[in-house]
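[1] fold the following.
(chains A and B)
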Amino acid sequence: MHAEHPAGPSPADALEERIAALLADPAHRDNPLRAALAELFEQSEAQRERLERLIRIADGFHILERSNRLSLADEYDRQLRRIEKIVRISDRYQQSLRELSESLKDAALRDPLTGLGNRRFLMERMKEETERCARSGTGYTLAIADVDHFKTINDRFGHEAGDAALSRIADAIRANVRDYDLCGRWGGEEFLIMLPATDLDTAVGIVERVRHAIAAVTSPGGDGVAPLSASFGLTAYRAGEPYSTTLNRADRALFAAKAKGRNRCDCI
Amino acid sequence: MNDLSIAGTQSTPAVSGCWEAGTLSMSGDSYPENSFEFFGDVIGWVERFLAESERPLTLDLRLAYMNTSSVKAMMDIFDLLGEAHQRGRSVAVNWFYDARNERVAELADEFREDCEFPFAITADAR
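    Take a look at the predicted model:
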């Protein structure tokens, strides 16, 4: 509004010039309207200056406000990028932590020698399966296997040969149970096989298959090695009992198998 | 005494700031219960050093795990270094990591992004 007008004088400027010329003209010196016009002209000039000042100041505030807003927007963008970076880094830390926890969990439940589930794993799963059977009224059979004369292998060929034998036996068990059966190392040279929703007759067939596979494992340690074999105790879960009772019964069956000459499976 | 020394715990890194040498070392895991309190002292030391001394400042970091607020605090420290660097101060970060844990190197690299001062990521020969 107060800018220059390079295209020529504005109508307001032209009017101003005309009035200034009239006031300056000596011909109108005695005109009775002259004094009033002079006063009005002066007032109008003052108003105009005032208005221009007002606009200048308002424009100043406007510019300041605008630059503030721009720097706030910049700061906002900067903080946003920063938060994104923090979240990204933090997510990666969390991811490594999660992977670590997965591998620790795996290590806690797996027997490092045979790669089978360990005693803790087996206990958890037996507890789960027992609870499931109690709810659904189904059952499972449980076999416990003990390697025959294992101490002799260790004594004659050393612990490394004993460990290798356990690994191979574990492989034989794993390869001969069904996908949904569970097997693990109960401790020492004892292994456990849990057969969900399986009756004793069917279980005997599977355990016999495992027993033959173990008997076919060639024992490491060179010539003169006694052939490997294992004895099995087998039992079916009875409704309402805790898994420890089932396990004790399988243990008694195993004891019977050992007493009757080993490399065999007995059921209770 | 202008040196800073904080013993490490299971959840906080050991911190050692040497005013004379212009070095600040941090090593360990970082998930303090109150990270504003813990890092407040560290950030305060860095601010004082940058304000009151003219010497170069080097950070030697051996940090494995950091929780989110520690990540934020560390970025605050890097921001301080960045501002000092812009003013012409000599600042540098050396981030050492266990060669068995490449993950930490990748994370340090994320931190390094946008940093204009020297920032080295080196496998620790331990």
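[2] grab the nearest non-local neighbour of the closest residue to chain B within the stretch 1-150 of chain A.
    Nearest residue of the stretch 1-150 of chain A to chain B: residue A:90, at 4.2 Å (C-beta to the nearest C-beta). All C-beta atoms are positioned from the backbone trio N, CA, C, and that covers glycine. Nearest residue to residue A:90, sequence neighbours excluded (C-beta to C-beta, 6 or more residues apart in numbering or on different chains): residue B:68, at 4.2 Å.
[3] my read is that the one you found contacts residue A:83, right?
    No - using C-beta atoms under 8 Å, residue B:68 is not in contact with residue A:83; the gap is 10.5 Å.
[4] who has more neighbours, those two?
    In this view residue B:68 and residue A:83 are compared by other C-beta atoms under 10 Å in any protein chain shown, and residue B:68 has more residues nearby, 16 against 12.
[5] which residues are in contact with that one?
    A:86, A:87, A:90 (C-beta atoms under 8 Å, 6 or more residues apart in numbering or on different chains).
[6] how far away is the second one from residue B:57?
    For residue A:87, the distance to residue B:57 (C-beta to C-beta, to the nearest Å) stands at 28 Å.
[7] which one's more surrounded, the two?
    Neighbours per residue, other C-beta under 10 Å: of residue A:87 and residue B:57, the larger number sits with residue B:57, 23 against 12.
[8] now chain B against chain A: closest residue?
    Relative to chain A, the nearest point of chain B is residue B:68 (4.2 Å; C-beta to the nearest C-beta).
[9] pLDDT wise, what is that residue at?
    pLDDT recorded at residue B:68 is 90.
[10] show me which positions of the lowest-mean-pLDDT helix or strand in chain B end up buried.
    Least confident element among the helices and strands of chain B, by mean pLDDT, DSSP states H and E: helix B:102-112 (a mean of 90). The neighbour-count check on helix B:102-112 (16 or more other C-beta atoms under 10 Å in any protein chain shown) flags B:103, B:104, B:105, B:107, B:108, B:111 as buried.
[11] ditto for stretch A:194-210
    Under 16+ other C-beta under 10 Å, the buried positions of stretch A:194-210 are A:194, A:195, A:196, A:198, A:200, A:203, A:204, A:206, A:207, A:210.
[12] now these in a markdown table, with distance to residue A:58 and pLDDT?
    A markdown table is the format used below for the buried residues of stretch A:194-210 (distance: C-beta to C-beta, whole Å; pLDDT from 0 to 100):
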| residue | distance to residue A:58 | pLDDT |
| --- | --- | --- |
| A:194 | 85 | 94 |
| A:195 | 89 | 93 |
| A:196 | 84 | 91 |
| A:198 | 90 | 89 |
| A:200 | 97 | 91 |
| A:203 | 94 | 90 |
| A:204 | 99 | 90 |
| A:206 | 93 | 92 |
| A:207 | 96 | 91 |
| A:210 | 94 | 92 |
